[in-house]
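> Predicted model follows, preceded by the sequence.
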Amino acid sequence: MLLRIVLLTFTAGVVLGAALPSGAANIPRACSTPATSGYPFCDPSLPIDTRIQDLISRLTLEEKPYLMVARESPKGNISRLGIPEYDWGGNCIHGVQSRCGTRCPTSFPNPNALGATFNSSNWLGMGRVIGIELRSLWLQGVGENHGSNLPHIGLDCWSPNIEVVRDPRWGRNMETPSEDPLINGLYGTMYSRGMQQGDDPRYLMGVTTLKHFDANSLEGTWGPYKNITRHTINENISIYDLASTYLYPFAVSVIEGGAAGVMCSYNSINGVPSCANPWLLDDVLRKSWGFDGYVTSDSGAVEDVLENHHYVSNRTEAVAEAIRAGCDVQSASWPKDQPWSTGGWYIDETPSAVKTGLLSEADLDAALARVLRIRFRLGLFDPIDQQPYWHIPPEAVRTPESEALATDMTEQGLVLLQNPSVLPLVAGQRVAVIGPLARDKGVLLGNYLGQVCPGNNTDDFSCVDDILHSIHHINGLDKTTYVQGVSSVTSMSTSGFAAAISAANAAEAVILVIGLDGSVEGEGHDRHSITLPGVQEQLAAELLATGKPVVIVLLNGGAVAIDALVGSKAAIIEAWYPGYYGAGAIGRAIFGQTNKFGKLPITIFNSEYVSQFDMLSFDMTRAPGRTYRYFTGTPLFPFGFGLSYTTFQLDWAGPVPQQLPGSASISVHNMGSRGGDETVMVFFTPLDLPASAPASKIVKQLLTFERVTVAAEQTITINFALTMNQLALFDAQGNRVVFGGRYRLLFTNGQADLSCVIDISKTTVLSLFPKLV
């Protein structure tokens, strides 16, 4: 049967007009007092545009920017009009990043693991959970995940991150689902639909904010003088690469997903800072894609316009350029040890920008209107008795259903890279668990976390299972030994090897848990090598030399080049940063209690990668080509690869496609005695494009995919609807085009392949790309 999710609902049992959930009565509300409720902007019978303009007309020039700066909470209110504070700036990368309320928010796997599920229903389900929990936690009055419990969490999330994985060295690879633009666009679409579209079509349940717009895949210090950072870099990107790679996921998420927010990035593109770029924020985003939401800067990006890009000569000009370009909200910097701002350049400089003529008040009001429209669409200026989103109880957070969904997603995101008849292990035998990450709870969780364990300490992970504990639970405490082997992922000491080898020799099987952690990769720091740091690979080699069956569990965000382990006698599971439920999922997979393995949403390159690719180049097509779409070499493990504990065979279940529109029916036969999950991917390759066309360098490109569960010795048929538009590529001017000529279609699960050739009779231009001015 096709994989499914549980679509959560919260309206069952909610009595509209009844008392608010505990804590909600203390949430400041607009239009809620006799002194303020009579304003026309409080009248829900009026058109929303009329209400917004009425409110703007009542604001002074000095008051307006207070509604346009993030993380001003508990400030940012206009008390004389009854307008409360509102926090722009929470995060929900893989769960609401807040403090616990009555319950702690559900924590999902990191997005690279979510991409490995190849299951868009998962992404919709997670978005739904996040939207429901965000509303509930907001009503409970909790703050972002800081010790101060401030600022009070808002109803927009600066998530998801849908930038493509351009390079495995990038420190934030764990935050984004894939190197493939189609997957990232679909991920952003499903996340946005799930989070924003609840049970009341009149209002947004929450607001997604797609980031980082655009091409912000640099975190460390680079260049010969180590002075090129995400704040200073000017990226020279061709129109082709912008349209076909960097902008594509955002376009899909906006057009198909209805995302209501976008975050502009630190970097410059072709000489213009993203947050002061009217071509990017207006011509492309609003005019071409029809975006009707708000744009926020990344934190400090408006300051970068002056201080790092030197695009203007003073602060007032920086503010004027950003607002006029379409950056509606400034995320200002904040003082050390204080996770909210107490002002910002918008507040300080906007009045001067208007008074000196650098910024028209009409442009200011247009930006403010876009900001206020979000708050109106959230229902924050309307009576609340008939709004179900104001009545979501605390019990809607971390429900058994949301935990089951997160657990299932975790199991589906593990990827079996290699298995020379080692897995699954039989429980009850002597097992040695070894490695610097076997008892590390925090590394499982990744980054951008909400509070996961109740209490006052936001860094308390005591309620999280580690991998060793999971193995104990399944295999038995008396049958499982533990030796660390090496003290940390970066340690160069081999002093613990002897004890590890001794434990391995005394065991019947070895589980080695190695990889990366936040000291090696993350926001603010990239890797300069993609191999395993420290002596971890040496430890693996010595354990393999014992001749005992070895299972290697990799924990990491960016892909790790494990050259020496490929083809060895070790079984290898790519576990990413699997999240709160990760240890249990890993243990169950190792011992064969589950067989839900996913596929690689990225390419795993060998260690020579760093000498072949310039981290500062954003050219996708330059030889040997970035990502699976253009790479002409041989990777360690290709995009879409992933094994199972059973064997699947693919066959045509109907006529071979010969023309479009059409369909393809593929039968998936489970040839083994164990049920399992399988993903079938459809790729296409243009065969007749002239060499002068940038798209001619495409090796293959994902068209669609489907994940299924197939019982032992059973068959399921997948029906793929195929249209001409799915073969759309981009020309050198960025126009979206279906080129005439032949295309090879490849239907594959990463091991078994079926293919055919389709002929398109003529070239069709589907959409024109905005001209760069």
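Everything's here; your move.

> only C-alpha atoms for contact and neighbour calcs from this point on.
Noted.

> is it true that Val147 lies in a strand?
Quick fix: residue 147 is Gly, not Val. No - the assignment for Gly147, made by DSSP: H, G, I helix; E, B strand; the rest coil, is coil rather than a strand.

> So it is in contact with Asp459, correct?
No - using Cα atoms under 8 Å as the test, Gly147 is too far from Asp459 to be in contact (9.3 Å).

> Quickly list what's touching both of those two.
Common neighbours of Gly147 and Asp459, counting by Cα atoms under 8 Å, 6 or more residues apart in numbering, are absent.

> List phi and psi for Ile511.
Torsion angles at Ile511 (phi, psi; degrees, to the nearest 10) stand at phi -120, psi 120.

> ditto for Leu368
Main-chain torsions, Leu368, degrees, to the nearest 10: phi -60, psi -40.

> Tally up the residues packed near it, please.
22 (other Cα atoms under 10 Å).

> quick one, what contacts it?
Leu368 touches 56, 64-65, 67-68, 328, counting by Cα under 8 Å, 6+ apart.

> Turn the residues you listed into JSON lines, including neighbour count.
Below are these laid out as JSON lines (neighbours: other Cα atoms under 10 Å):
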{"residue": "Ile56", "neighbour count": "18"}
{"residue": "Lys64", "neighbour count": "21"}
{"residue": "Pro65", "neighbour count": "27"}
{"residue": "Leu67", "neighbour count": "26"}
{"residue": "Met68", "neighbour count": "27"}
{"residue": "Asp328", "neighbour count": "29"}
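
> Just flag the most distant two among those.
Longest distance between any two of the contacts of Leu368 is 14.4 Å, between Ile56 and Asp328; criterion Cα to Cα.

> quick one, phi psi at the nearest residue to Leu600 once chain neighbours are set aside?
In this structure, Leu600 finds its nearest non-sequential neighbour in Gly640, 4.7 Å apart by Cα to Cα, 6 or more residues apart in numbering. Here is the backbone geometry of Gly640 (degrees, to the nearest 10): phi 90, psi 0.

> Then Leu417?
According to degrees, to the nearest 10, Leu417 has phi -90, psi -30.

> What count of nearby residues applies to the closest residue in space to Asn314 that isn't next to it in sequence?
What sits nearest to Asn314 in space, not counting adjacent residues and going by Cα to Cα, 6+ apart, is Leu306, at 6.5 Å. Look at Leu306: counted by other Cα under 10 Å, it has 19 neighbours.

> for Leu380, helix, strand, or coil?
Counting by three-state DSSP, the backbone at Leu380 sits in coil.

> Look up how far Trp138 lies from it.
Leu380 sits 12 Å away from Trp138, taking Cα to Cα, to the nearest Å as the criterion.

> same deal with Ser107?
The separation that Ser107 has from Trp138, given Cα to Cα, amounts to 17 Å.

> and those two? which has more neighbours close in?
More crowded of Ser107 and Trp138, by other Cα under 10 Å: Ser107, with 28 against 23.

> Now do that one against Ala575, distance only.
Ser107 sits 16 Å away from Ala575, going by Cα to Cα.

> Angles on the backbone of the residue positioned nearest the centre of the chain, please.
Centroid-nearest residue in the chain, with Cα atoms, centre = their mean: Thr176, separated by 3.6 Å. As for Thr176, its main-chain torsions (degrees, to the nearest 10) stand at phi -130, psi 150.

> Is there a neighbour count for Gly261? I'd like the number.
Neighbourhood size, Gly261 [other Cα under 10 Å]: 24.

> Same check on Lys771?
By other Cα under 10 Å, the residues close to Lys771 number 12.

> same thing with Pro454?
Residues near Pro454, counting by other Cα under 10 Å, number 17.

> Quick check: it touching Arg103?
Yes - Pro454 lies in contact with Arg103 (Cα under 8 Å); the separation is 7.5 Å.

> List the residues that contact Gly293.
Gly293 touches 259-262, 370-371, 373-374, counting by Cα under 8 Å, 6+ apart.

> again, only using 7 Å
By Cα atoms under 7 Å, 6 or more residues apart in numbering, Gly293 lies in contact with 260-261, 370, 374.

> Which ones among these lie within helices?
The helices, defined by DSSP state H, take in 370, 374 from those.

> Take the contacts of Gly293 and write them to TSV, including pLDDT.
Formatted as TSV, those follow (pLDDT from 0 to 100):
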residue	pLDDT
Ala260	98
Gly261	98
Arg370	98
Ile374	98
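
> which one of the contacts of Gly293 is nearest Phe705?
After measuring the contacts of Gly293 against Phe705 - Cα to Cα - the closest member comes out as Ala260, at 26.6 Å.

> Distance from the chain centre to the helix or strand hosting Ser136, please.
Using DSSP states H and E, Ser136 falls within helix 120-139. For helix 120-139, the separation from the chain centroid amounts to 14 Å (computed by Cα atoms, centre = their mean, to the nearest Å).

> which intervals of the chain have sub-threshold pLDDT?
Along the chain, the model assigns pLDDT under 70 to residues 1-20, 22-23, 25, 73-74, 334, 337, 339-342, 773.

> residues contacting the closest residue to Leu55 other than its chain neighbours?
Nearest residue to Leu55, sequence neighbours excluded (Cα to Cα, 6+ apart): Phe41, at 5.7 Å. Applying Cα under 7 Å, 6+ apart to Phe41 gives the contacts 51-52, 54-55.

> Go through stretch 227-240 and flag the buried ones.
For stretch 227-240, burial by neighbour count (16 or more other Cα atoms under 10 Å) applies to 228-235, 237-240.

> Quick one: end-to-end length of that stretch, please.
Stretch 227-240 has an end-to-end distance of 28 Å (Cα to Cα).

> Using PDB, write out every CA atom in stretch 550-567.
Extracted in PDB, the C-alpha atoms of stretch 550-567 (Å, rounded to 0.1, in the frame of the first residue of the first chain):
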ATOM      1  CA  VAL A 550      31.100  -4.400  12.000                       C
ATOM      2  CA  VAL A 551      28.100  -2.000  11.700                       C
ATOM      3  CA  ILE A 552      29.100   1.600  11.100                       C
ATOM      4  CA  VAL A 553      26.500   4.300  12.000                       C
ATOM      5  CA  LEU A 554      27.300   7.700  10.500                       C
ATOM      6  CA  LEU A 555      26.000  10.800  12.200                       C
ATOM      7  CA  ASN A 556      26.500  13.900  10.200                       C
ATOM      8  CA  GLY A 557      25.000  16.900   8.400                       C
ATOM      9  CA  GLY A 558      27.200  17.300   5.300                       C
ATOM     10  CA  ALA A 559      28.200  14.200   3.400                       C
ATOM     11  CA  VAL A 560      31.300  12.400   4.600                       C
ATOM     12  CA  ALA A 561      33.900  10.900   2.300                       C
ATOM     13  CA  ILE A 562      34.500   7.400   3.600                       C
ATOM     14  CA  ASP A 563      36.800   6.300   0.800                       C
ATOM     15  CA  ALA A 564      38.600   3.500   2.800                       C
ATOM     16  CA  LEU A 565      35.300   2.100   4.100                       C
ATOM     17  CA  VAL A 566      33.500   1.700   0.800                       C
ATOM     18  CA  GLY A 567      33.800  -1.900  -0.300                       C
END
